[in-house]
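>>> need a structure here:
(one chain, ligands or ions: 1)
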Amino acid sequence: MKTFFHVQDLGDLNSALEMAKQVKATPFAWKSLGENKTIMLVFFNSSLRTRLSSQKAALNLGMNPIVLNIGQDSWKLETEMGVVMDGDKSEHLREAIPVIASYCDIIGVRSFASLTDRKADYEETVLSQFIEYSHKPVISLESSTVHPCQAFADLITIEEYKKKSRPKVVLSWAPHPKALPQAVPNSFAEWMNAADVEFVITHPRGYELDEKFVRGAKVEYDQLKALEGADFVYAKNWSCPGVSDPSKYGQILSKDMGWTIDEAHMAVTDNAYFMHCLPVRRNMIVSDAVIDSERSLVIPEAANRVVSAQTVMKMMLEDLK
Ligand code: SN0
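This next block holds a predicted model:
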């Protein structure tokens, strides 16, 4: 595997899920695979789970993880081409990437969407430069349009907890005080479309996700109707993807607290499990009662981030030759 952005990068999904199961059961079975190998984890944005689970996954494989926080313990990096660098950014990606690459075997990068330039975000301009100038395998640790390590962990969690062969999974938009990226819902939609589930997306009008990720999945604008009979409720806020009106890209169109997942919402489901990628704003996205209930999977879901990251890194290490 040369890059990890999309579900297709794993090859056969069922084999990857089987491998993830083995990784979870025997995390130290490939301890020699990563010997003398280094992964550079580059963060342009904050992180808790991604940073720690990626380090833990690398360590489980006997690999050395090095974390670099851009702009905090490095120079601020310029990401745009052809600009006069007379501002606060001291170094360009064009030099920084090959330098980073010369010190490692695999690179993981977190670089959130700008939410101002839809075209640049949806072209993954920052991560594309890492691919082009590093000549190393690159893992998206949440880039401008995708968060594949999260979606893989989400699918692993659904596989573990499902009681039906084809469970109903509902992705529900929920309110948030800040404008957030679409990476998590984009990837979740992409992965659920690839999985054997009944997948429904619900959100207020204007929040339509890009068709590249929705791919004809059912969209139900009536949230309660969407949640009826659900086995898994996956809540997430996202800002306007700007599909029908690009001028609204990245904007907050609604803060309707009627969309907060509370006990009344969960009551119409088939005793569904609650999921969220975290960090979560309590009593905005989800009520205390729901996230604190025994149906909440947020902690096992986060724990599976080590499993998804380790499975991906294992596949990349096996292909390093
Ligand atoms: C990020 C997002 O893409 O929505 C990361 C999720 C894994 N979330 C946030 O930035 C939340 C920030 C906040 O202040 O709640």
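>>> packing partners for the one helix or strand Met266 maps to?
Using DSSP states H and E, Met266 maps to helix 263-267. Packed against helix 263-267, as judged by 3 or more Cβ pairs under 8 Å, 6 or more residues apart in numbering; DSSP states H and E, are the following elements: helix 223-227, helix 288-291. In this view, the C-beta of every residue, glycine as well, is placed from N, C-alpha and C.
>>> Quick check: next helix or strand after that helix?
Downstream of helix 263-267 (by DSSP H and E), the next one is strand 273-275.
>>> Would you tell me whether that next one gets close to the ligand?
No. Using Cβ under 6 Å from any ligand atom, strand 273-275 never reaches the ligand; the gap is at least 12.6 Å.
>>> now what about that strand, what contacts it?
The contact list for strand 273-275 (Cβ atoms under 8 Å, 6 or more residues apart in numbering) reads 154, 157-158, 161, 231-235, 261, 266, 286, 290-291, 293, 295-298, 301.
>>> And the helices in this protein, which stretches?
For the chain, helices defined by DSSP state H occupy the ranges 13-25, 49-60, 93-102, 118-122, 125-134, 148-161, 183-194, 211-214, 223-227, 263-267, 288-291, 298-319.
>>> any idea how far the ligand is from the residue nearest to Thr157 when sequence neighbours are not counted?
The shortest distance from Thr157 to any non-neighbouring residue, by Cβ to Cβ, 6 or more residues apart in numbering, is to Glu301 (4.6 Å). For Glu301, the distance to the ligand equals 11 Å [Cβ to the nearest ligand atom, to the nearest Å].
>>> so what pLDDT did Glu301 get?
Here the pLDDT value assigned to Glu301 is 98.
>>> try Gln72
Gln72 is assigned a pLDDT of 84 by the prediction.
>>> before we move on, what about the one 10 residues further on?
In this model, Gly82 is scored at 95, pLDDT.
>>> Flag every residue of the protein that's near the ligand.
142, 178, 180-181, 183-184, 277, 279, 281.
>>> Just give me the neighbour total for Ile164.
Check again: residue 164 is Lys, not Ile. When counting by other Cβ atoms under 10 Å, one arrives at 10 neighbours for Lys164.
>>> Not counting its neighbours along the chain, what's nearest it?
Nearest residue to Lys164 in three dimensions, chain neighbours excluded: Asp231, at 6.4 Å (Cβ to Cβ, 6+ apart).
>>> and what of Glu159?
Spatially, and ignoring its direct neighbours in sequence, Glu159 is nearest to Leu17 (5.9 Å; Cβ to Cβ, 6+ apart).
>>> what's the pLDDT at Lys321?
pLDDT recorded at Lys321 is 66.
>>> which ones are touching Lys162?
By Cβ under 8 Å, 6+ apart, the residues touching Lys162 are 231-232.
>>> The same query, at a cut-off of 7 Å, please.
Contact analysis of Lys162 by Cβ atoms under 7 Å, 6 or more residues apart in numbering lists Asp231.
>>> And the nearest residue to Asp105 once chain neighbours are set aside, how far from the ligand?
Once flanking residues are discounted, Asp105 sits nearest to Lys37: 4.6 Å by Cβ to Cβ, 6+ apart. As judged by Cβ to the nearest ligand atom, Lys37 and the ligand stand 26 Å apart.
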